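In: Structure, please.
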Amino acid sequence: MQGFSGNNRNYSIMNHHNALLNGHGQPSAGALYDSSNILNVSREGRVASIVAGSLMASTALGQMGRHPFSSLFKLAVGSYLLYRGLSGNCPVSAAIEDRVGRHTQAINIRTSLHIGKPKEEVYAFWRQLGNLPLFMRHLEKVEERDSLHSRWMANGPGGVGSVEWEAEIVKEEAGRLLGWRSIAGSQVATAGRVTFEDAPDGGTYMKVMITYRPPAGHVGTGLAWLLNAAFERIIEEDIERFKVFMETGEIVHE
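Out: Prediction:
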C-alpha cells in the first residue's frame with residue numbers, strides 16, 4: 001500500500017535482543033521490560049516462596065544471637081524468597097532469559113502515521129484489543145480476559161504456522177500511551193508500544209512499535225516464520241490498514 005501521508009517507516013530484522021521500543025522502563029525488543037517489572041513466577045511458586053521465606057526468616061531471627069553468621073545468610077535467603085513471592089518476580093530467572101535472548105533474532109517494527117480522526121477516538125478504538133484483528137491480517141483473534149490481560153492468536157504468511165500467547169498491559173496513559181508485552185513462559189516473546197498525539201493540522205499523530213522474538217532454540221521448530229520478511233511486511237501493511245479503517249470505516253482487502 002502506498003501514499004499514506006505522514007508515514008515514516010523504519011523496519012529492521014535485528015540479530016540481537018536490545019532494540020529499545022522507546023521511553024524509560026518501556027518495552028524493549030529483547031528483555032521486553034526491565035527485569036524488576038517481569039512477572040515470571042507462577043501463582044503456586046509465589047505461595048511456596050512466601051511460606052518458605054517466612055519460615056526461613058523467622059528461624060534466622062530466632063537464632064541470630066547464637067548463630068549470627070548462618071542466621072544472616074538464612075535471613076538473606078528468606079528475604080529473597082519473600083520478595084520473589086510477594087512481587088512475582090525472580091531476578092535470577094529474568095537474568096537467564098535475558099542472556100539467552102541475546103542470541104535470538106527479533107523482528108522490530110517502528111512506524112508513524114497521521115490519522116484524520118480525534119486522538120480520543122483513535123485511542124479508544126485501539127484500546128479495545130479485540131478490535132485489532134479487524135484490520136490486522138496476522139492476528140486471528142485477541143481475547144480480552146480483563147482490563148489488563150488478554151490472549152492473542154497469530155498466523156504466519158499464507159496461513160502457514162500459528163502461535164498463541166498471553167499478554168498484559170504494563171503501561172497506560174489514557175488517551176496518550178499504551179504498552180503491552182507477553183507474559184513470562186509464553187510461546188513467543190512480544191511487546192508493543194503505541195503513542196497518540198494531537199497533530200498540529202488536526203487529527204492524530206500515532207507512533208507504533210512492535211517486536212516479535214521466538215524463544216531461543218525454537219526458530220527451527222515451527223516458529224521461524226516469525227523472522228520472515230513476508231511476516232514483517234504483513235505487520236507493516238496491517239498498521240497502514242488501520243489508518244484506512246479509522247478514516248473510512250472500511251476494511252481493506254488485498
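
In: tell me which residues of the host helix or strand of residue 78 are tucked away?
Out: If you go by DSSP states H and E, residue 78 is part of helix 68-87. Buried residues in helix 68-87, defined by neighbour count with 16 or more other CB atoms under 10 Å: 71, 74-75, 78, 80-85, 87. To be clear about C-beta, it is placed using only N, CA and C from the backbone, and glycine gets the same treatment.

In: how does the chain divide into domains?
Out: The chain breaks down into these domains under automatic domain parsing: 10-36+105-248, 41-88.

In: could those go into CSV alongside mean pLDDT?
Out: Below are the domains of the chain laid out as CSV (pLDDT from 0 to 100):
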stretch, mean pLDDT
domain 10-36+105-248, 78
domain 41-88, 81
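
In: most packed of those?
Out: Comparing the domains of the chain by mean neighbour count (mean count of other CB atoms under 10 Å), domain 10-36+105-248 ranks first with a mean of 17.

In: OK, contacts around residue 168?
Out: 39, 148-150, 180-181, 183 (CB atoms under 8 Å, 6 or more residues apart in numbering).

In: and if you look at residue 47?
Out: Residue 47 touches residue 85, counting by CB under 8 Å, 6+ apart.

In: name the element it belongs to?
Out: helix 43-62.

In: now that helix against helix 68-87, angle please.
Out: 150 degrees (axes from the mean of the first three to the mean of the last three CA atoms, to 10 degrees).

In: The host helix or strand of residue 180 packs against which elements?
Out: According to DSSP H and E, residue 180 maps onto strand 177-182. Applying 3 or more CB pairs under 8 Å, 6 or more residues apart in numbering; DSSP states H and E, we find strand 177-182 packed against helix 119-127, strand 162-173, strand 189-198.

In: let's see 7 Å
Out: In this structure, strand 177-182 makes packing contacts with strand 162-173, strand 189-198, judged by 3 or more CB pairs under 7 Å, 6 or more residues apart in numbering; DSSP states H and E.

In: strand partners of it, parallel vs antiparallel please.
Out: Next to strand 177-182 in the sheet, as set by DSSP bridges, lie strand 162-173 (antiparallel), strand 189-198 (antiparallel).

In: Let's have those strands in JSON lines, adding distance to residue 43.
Out: Below are these laid out as JSON lines (distance: least, CB to CB, whole Å):
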{"stretch": "strand 162-173", "distance to residue 43": "13"}
{"stretch": "strand 189-198", "distance to residue 43": "21"}
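
In: Relative to residue 117, tell me which of these wins on proximity.
Out: Proximity to residue 117 (CB to CB) singles out strand 189-198 among the strands paired with strand 177-182, at 10.4 Å.
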